[in-house]
Structures are given as C-alpha cells and as structure tokens.
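> Give me the fold of what follows.
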Amino acid sequence: MSYQLTNFSGAVEAVIDDNCGISKFHNIVHIMLQELKVKFLAKEDDSDTVDWHFKYKGRPLTLHYNIYNGVSVFTQHSKNNSAVNEVAKYLESKTF
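Numbers count the residues shown, from 1 in each chain. I've put the predicted structure just below:
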C-alpha cells in the first residue's frame, strides 16, 4: 500500500495510487468487477471526486477517486478494516 489513513473512529482508508487519472480509476473498477466480483451499489460523482459504494465479502466499502489525491478504498467502520486492506493489497498487485 502506498499509505494508509485512519479516521477518528479507527476506520482506515488505504491509498491505492495517489497520482493517477480517471482512466486508471476505470481500470481499477474493471478489475474489481471481473476479478473480485464486486457489485457497485451506489455512485456519487462530482467534478473533482467519485465515490462508488460496494460490498466485499459482505462488508460495505467505498472506492474513492479524487483528481488531487488519486484512488483509495475506505470504510466507515473499523470492523471492516481487514476487508479494506485485502482489497487494497489485491488492487496494488494488479495495478502497479
């Protein structure tokens, strides 16, 4: 992992790539759909940021893209930290 951030409640955000464009984000989405078999449940897009919510092994996670900060995976609850780390590790092995 490039690095990991932790919020006040102990939930983690794993940065996959802090310097990538929207095309790499879409490549990551493709890997998640084809190889991790995730189903995206909701999408929030604006001019600078994209958040795609999904479940991985029953755990609610978010794939996040920001034009300034790159791509990351995060959760709202610390009980899902292991799922964040598992997804991040897999994606890093595929995208670098």
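> can we go C-alpha only for contacts and neighbour counts from here?
Noted.
> contacting residues for the residue nearest to residue 9 when sequence neighbours are not counted?
Nearest residue to residue 9, sequence neighbours excluded (CA to CA, 6 or more residues apart in numbering): residue 78, at 6.9 Å. When contacts are counted by CA atoms under 8 Å, 6 or more residues apart in numbering, residue 78 is found next to 9, 10, 11, 12.
> between those, which is nearest residue 35?
Of all these, the one with the least separation from residue 35 (CA to CA) is residue 12, at 22.9 Å.
> Quick check: the closest one touching residue 4?
Yes - counting by CA atoms under 8 Å, residue 12 sits close enough to residue 4 to count as a contact (6.6 Å).
> And the average pLDDT for the lengthiest helix in the chain is what?
If you go by DSSP state H, the chain has its longest helix at helix 81-95. Averaging pLDDT along helix 81-95 yields 90.
> which other residues reach that helix?
Residues beyond helix 81-95 that count as contacts (CA under 8 Å, 6+ apart) turn out to be 1, 11-16, 28, 31-32, 56-57, 59, 61, 72-75.
> now it, how far from the chain's geometric center?
Taking CA atoms, centre = their mean, to the nearest Å, one finds the center of helix 81-95 at 8 Å from the center of the full chain.
> Please write out the alpha-carbon positions of that helix in CSV.
Backbone C-alpha positions of helix 81-95 (Å, rounded to 0.1, in the frame of the first residue of the first chain) are rendered in CSV as follows:
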residue,chain,number,x,y,z
ASN,A,81,-10.6,-2.6,8.1
SER,A,82,-9.4,-6.1,7.2
ALA,A,83,-11.6,-6.0,4.1
VAL,A,84,-10.2,-2.6,3.1
ASN,A,85,-6.7,-4.0,3.5
GLU,A,86,-7.5,-7.1,1.5
VAL,A,87,-9.0,-5.2,-1.4
ALA,A,88,-6.2,-2.6,-1.4
LYS,A,89,-3.5,-5.3,-1.4
TYR,A,90,-5.1,-7.1,-4.3
LEU,A,91,-5.6,-4.0,-6.4
GLU,A,92,-2.0,-2.9,-5.8
SER,A,93,-0.7,-6.2,-7.0
LYS,A,94,-2.7,-5.8,-10.2
THR,A,95,-2.2,-2.1,-11.0
